[in-house]
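A.B. asks: Sharing a model prediction with you, sequence too.
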Amino acid sequence: MEERQTSTRLFSDPVKLDRNNRQPLYEQLEKILLRDIQGRENGEMMPTEKELCVQYGISRQTVRQTFKRLSEGGYLVRTAGRGTVVSHPKIARDNGWALENFNLEMRQHGIKPETKILCLDVIPGSPFFNERLGLDRHERLIFLRRLRFTNGWPYMVSDSYLPYKKLAGLEKKQEALERDSLHVIIEKHFHHVFTSADRSVEAIPVPAREAGDLGIIPGSPVLYSETVWHVSAGFAVEFVMEWYRGDRSCFTMTLGRKDMDTGGEGSGQGRHGEVHP
């Protein structure tokens, strides 16, 4: 019954296959199913081969070829006894892009990035956030909340806190912030060059507000990170908290040996720079 309900949603306004088109039917069907997969969660059932054959008047061989291509692309998983389920490929944040920006990194991986500004305002200082930026507790902050998309899917929501005295005017650049990287804007307009970051990452249940932004159930697993970003002038210019969908993201890092200060060889784990959206 559940599988039938899932299929009905797909076929409520079906796109027809064009048999006069030079594009093979399995490729046309693949495009249709890819659009549908974007609106489904990991593990959600797809229609059966028989249902697709009846809906589109095509052979089972054509459907199987389409499922095979989508499975090889990481979008579907075919399991014995259960059927075909959605499997969104995870997007890896690569530490090799440490000081680059989210938009550039995604485009280099063939992914279309988008940003929606949820809030941009000047707020009173807070002991918690000001301490992380090395500011007096009463200094005002710029608060920036963004929802980031990859290929149209909600991917990550972030809360950035920035020193108002050093970045006054940033709160008026909402249009630019939806188009360009925050770090690019800071370097270009405020002449602060990013040099390093301190970051922590952990898996947590997603809070209700972030779950709503990301389109997932409250309590679902997310990768949560906190990062303090430093610039060449020697101060922290951003403290950011980020919630990444756990079913669509992962972090990668390079491990190696690290020399100890005493000159001897230690067996620490060195991480080359970490990335930031």
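C.D. replies: On my side now, so go ahead.

A.B. asks: so the nearest residue to Asp121 once chain neighbours are set aside bridges to which residues?
C.D. replies: Closest residue in space to Asp121, ignoring its immediate chain neighbours: Phe143 at 5.5 Å, by CB to CB, 6 or more residues apart in numbering. Just so you know, the C-beta spots here come from the backbone N, C-alpha and C atoms, and that holds for glycine as well. In this entry, Phe143 is beta-bridged to Asp121, Tyr161, by DSSP bridges.

A.B. asks: Can you report how many residues lie near Phe143?
C.D. replies: When counting by other CB atoms under 10 Å, one arrives at 18 neighbours for Phe143.

A.B. asks: What of Leu162?
C.D. replies: Leu162, neighbours per other CB under 10 Å, totals 24.

A.B. asks: let's number from 19 now, not from 1
C.D. replies: In the new count, where the first residue is 19, that last one comes out as Leu180.

A.B. asks: Quick check, it in contact with Leu153.
C.D. replies: No: using CB atoms under 8 Å, Leu180 is not in contact with Leu153; the gap is 10.2 Å.

A.B. asks: Find the residues that touch each one of the two.
C.D. replies: Shared contacts of Leu180 and Leu153 (CB atoms under 8 Å, 6 or more residues apart in numbering): Leu159.

A.B. asks: ok so, going back, just the pLDDT for the residue nearest to Asp139.
C.D. replies: Here, the pLDDT recorded for Phe161 equals 98.

A.B. asks: And Ser25, by the same measure?
C.D. replies: 42.

A.B. asks: How about Arg275?
C.D. replies: Reading off the model, Arg275 has pLDDT 75.

A.B. asks: Could you measure from the residue nearest to Lys34 when sequence neighbours are not counted over to Leu47?
C.D. replies: Sequence neighbours aside, Tyr74 is the residue nearest to Lys34 in space, at 7.9 Å (criterion: CB to CB, 6+ apart). Plainly put, Tyr74 is 7 Å away from Leu47 if you go by CB to CB, to the nearest Å.
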